[in-house]
Structure formats: C-alpha cells, structure tokens
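Asker: what follows is a predicted protein model with its sequence.
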Amino acid sequence: MATYDFIFNGLGLREWCDKDASTGPMSMADLLAQGSGGGEGTPIWELPFPSLDALNEACPAIARTRDLTKGVETSFLGVKDSLKVVLDPITQPLSWFLEGALYAFQNTPWFIMIPILLAVVWFASKSMKLVGFVAFSILFLAFIDHYNFAMQTLAIIFVCAFLCVLLGVPIGIAMSRSDTMQRLTIPVLDMLQTLPPFVYLIPLIFLFSVTEPKLYGIAIILYAIVPVIRLTDLGIRLVDKEVIEAAEAFGMTDRQKLYGVQIPLALPNIMAGVNQTIMMSLAMVVIASLVSAPGLGVLVLRGIRNLELGVGLIAGLGIVLLAVILDRVTKAALARVNAASAAQRNS
C-alpha cells in the first residue's frame, strides 16, 4: 500500500483509482509496503509532500509529473507547424539583417572599418581619450587574431540592439499613454526579465533551424528588449505635469506634446534603457553561441568544451573589452544628452 492510500480509501475512490491499474506482478517495494501496513502507520512527520508522483503511487488514475511534462511537449509539438507557418515570414527579415551585417562587418577591410568605428565613437562622445581607448582595444584584439570574432559580435549586437530600440520605444510610449496597456505589458516584461536565458532557446530550437540566424536573433531581442521598454515608459511618465499643462495651454496636440515635449525630456531615461539593452545583448550573444551564433562566444564555448583554459580566458577578455567600449560610449552619449536636456530646460 502507498502512503496516501488511506485518503482515497476514505473517500470511496478506490474503484476509480484501480480501474486503470496494471494487473502485473507487484514490485518488491509494493510487497514490503503492503507487509508493513501501508501509510496508515507512517508518522505524520515522515509523510512525503502530496506531489503528483506520491499521489499516483496511491491512485494510478492520477497523472504523474512526467505525464504533465510530456503533455506540455506534445501540445507544443502539435502547434509547432502552425506557428512556423505564421512566424517564418515575419522573422525572415531578421535573418537577412543579421547576414547582411555579418557580411559587412567581416568583409570591410580593417583599415576602413576601424576608422569608421572610431568616427562613431567620436561623434557619440566627443572625447579623444575614449577614442584612444577604443582604438587601443580594437588593435589589441586584431593583434591577437580576434578581430573577426569581435566584428561578428559587434554586428549581431548592432542589429539586435537597433531592433530592440525600434520595437521597444514605441511599446514604451504606448505603455506611458495607457494604464491598461501598462498593466497588460508589465507581467510579460517581468516574465522575459526573470526567465533564465537558456529557457529562451528551448522553444526556438524546435521552431527554427539551428543554421538560421533568426534563431539566436530572436533569443537576443527577447532577452534584451525589456530595459528600453521599461525606461521609455518611466521617462515619459516622469515628465513634470506642469510642463504638460503649459504645453496644453499653448494649444499643442497630443502628437505635438509627445514629440516636442515628452520624448525630449524623457531622452535621458530612454538612453539609459538603450545602454542596458546593448549590455544585455552582449551577454546573450555569448549564450547564443550554443545555437550557432558566431563571435567571441564561440571561443568561450570552445574553451569550455575542450578544456582550453587560455582560449576561454582570452576570449573572455575580448568580451570584457567590448563590454567596456559599448558601456563607455553609450554613457558618454547619455552624458551629452543630459547636458543638452539641462541646457534646454534652463533656456
């Protein structure tokens, strides 16, 4: 007898429980349990938690945990083909963007690509010290033959972070303008932010081929889009009510208030969200190397698989350098935006 037999016996459900029970020979564990008098003599402090498996031992009509997980898997596989028909056309441009960016970043000669990157850094920061640091870091990565891997990582981050901003800012604006939209969106954002990164990859592997760039692109976007949505919503909601009232007094429409007042004043928060989105994209690029994402994450994965300590540590150093570069550049751009916003308010 199982531990919780007394429950089903007391409720008169024994016949229902045993209708699908196996008529095969009893196991040694069942014989020992039956000889010891079952669960009725089990001290209450030794009772196991009434989980599905524990209840199934007493009543075979109750599903086991593995039946539950199997049911989830079967349900997902049942709708997989329908989902692919819908998602494939929608997500195919992502593969084209990633392939195009990877081709451009890898095939542009280094003596053209590096000056372009330094020009972008100068435009964003207006800091020669930061330009020098970026130049030293990229030349160091090129010197140790990690230049192509670094460019692959930058290409993926460029595409995914750009799409996160392109999709996330409008969602954040919509949330800021509708409390209902905010209440519906926040649980989804909470789930995306707390779900372990590896879990993103499980359904995507079943939906898309590992050779398709959109597989890791979607995973990176889902993981990294949350900060820019949250901070866009927060920034617009934090705009002073007096400023909004003044804009209304001048007869500005909702559209004019949004583009002329709210977004400019919320730009520091939006830029902070962009910074966090870029950093989270970089973190997910390394994990996405498990599903064929190119870049420095491939070398980290090789170091783990083959126990090549030097390969993994040097690749990790390259990722740290890229992270510092992206963080410093976006923070410098944020500082310039803050300064411009403060000057605008003072004027």
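Answerer: Everything's here; your move. Numbering: from 1, shown residues only.
Asker: look at Glu248 and report its pLDDT.
Answerer: As predicted, Glu248 sits at a pLDDT of 86.
Asker: wait, it touches Asp254, no?
Answerer: No: contact criterion CB atoms under 8 Å: Glu248 and Asp254 do not qualify, at 9.4 Å. Quick note: C-beta positions are derived from backbone N, CA and C, even for glycine.
Asker: residues touching Lys19, list them.
Answerer: Taking CB atoms under 8 Å, 6 or more residues apart in numbering, we find Lys19 in contact with Ala61.
Asker: tell me the spacing between it and Cys59.
Answerer: Distance of Lys19 to Cys59, computed by CB to CB, to the nearest Å: 10 Å.
Asker: tell me, how many neighbours does Thr3 end up with?
Answerer: 19 (other CB atoms under 10 Å).
Asker: by contact count, what packs against whichever strand or helix holds Thr277?
Answerer: Counting by DSSP states H and E, the element that carries Thr277 is helix 263-288. Applying 3 or more CB pairs under 8 Å, 6 or more residues apart in numbering; DSSP states H and E, one finds that helix 263-288 contacts helix 147-177, helix 197-207, helix 213-224, helix 226-237, helix 296-305, helix 309-346.
Asker: nearest to Phe8, out of the ones you listed?
Answerer: helix 197-207 (35.8 Å; CB to CB).
Asker: pull the residues that contact that closest one.
Answerer: Applying CB under 8 Å, 6+ apart, the contact partners of helix 197-207 are 76-77, 80, 83-84, 87, 215, 218-219, 222-223, 283-284, 287-288, 290-291.
Asker: please redo it, this time with the cut-off set to 6 Å
Answerer: Applying CB atoms under 6 Å, 6 or more residues apart in numbering, the contact partners of helix 197-207 are Lys80, Lys84, Leu215, Ile218, Ala219, Leu222, Tyr223, Met284, Ile287, Val291.
Asker: any low-confidence regions in this protein?
Answerer: Within the chain, the segments meeting pLDDT under 70 span 1-2, 20-42, 341, 343-347.
Asker: quick check: can you list the domain ranges of it?
Answerer: Domain ranges of the chain: 5-62, 71-346, per automatic domain parsing.
Asker: need the winner for burial among these.
Answerer: domain 71-346 (a mean of 17; mean count of other CB atoms under 10 Å).
Asker: how distant is that domain from the center of its chain?
Answerer: Its chain's C-alpha centre and that of domain 71-346 lie 10 Å apart, by CA atoms, centre = their mean, to the nearest Å.
Asker: let me have the contacts of helix 197-207 in CSV, adding distance to Leu258 as columns.
Answerer: Formatted as CSV, those follow (distance: CB to CB, whole Å):
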residue, distance to Leu258
Lys80, 40
Lys84, 37
Leu215, 36
Ile218, 29
Ala219, 32
Leu222, 27
Tyr223, 28
Met284, 31
Ile287, 36
Val291, 39
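Asker: what is the nearest of those to Val324?
Answerer: Proximity of those to Val324 (CB to CB) peaks at Met284, which lies at 17.7 Å.
Asker: surely that closest one touches Ile218?
Answerer: No: assessed by CB atoms under 6 Å, Met284 is found out of contact with Ile218, at 10.7 Å.
Asker: max-length helix in the protein?
Answerer: helix 65-107 (DSSP state H).
Asker: if I pick Leu52, what's in contact with it?
Answerer: Arg64, Thr65.
Asker: over to it: give its phi and psi.
Answerer: Backbone torsions of Leu52, given as degrees, to the nearest 10, read phi -60, psi -40.
Asker: what about it, distance to Ala61?
Answerer: Note on Leu52: its distance to Ala61, by CB to CB, is 12 Å.
Asker: overlap of the contact sets of these two?
Answerer: With CB under 6 Å, 6+ apart as the test, Leu52 and Ala61 reach no residue in common.
Asker: thanks again, I'm all set now.
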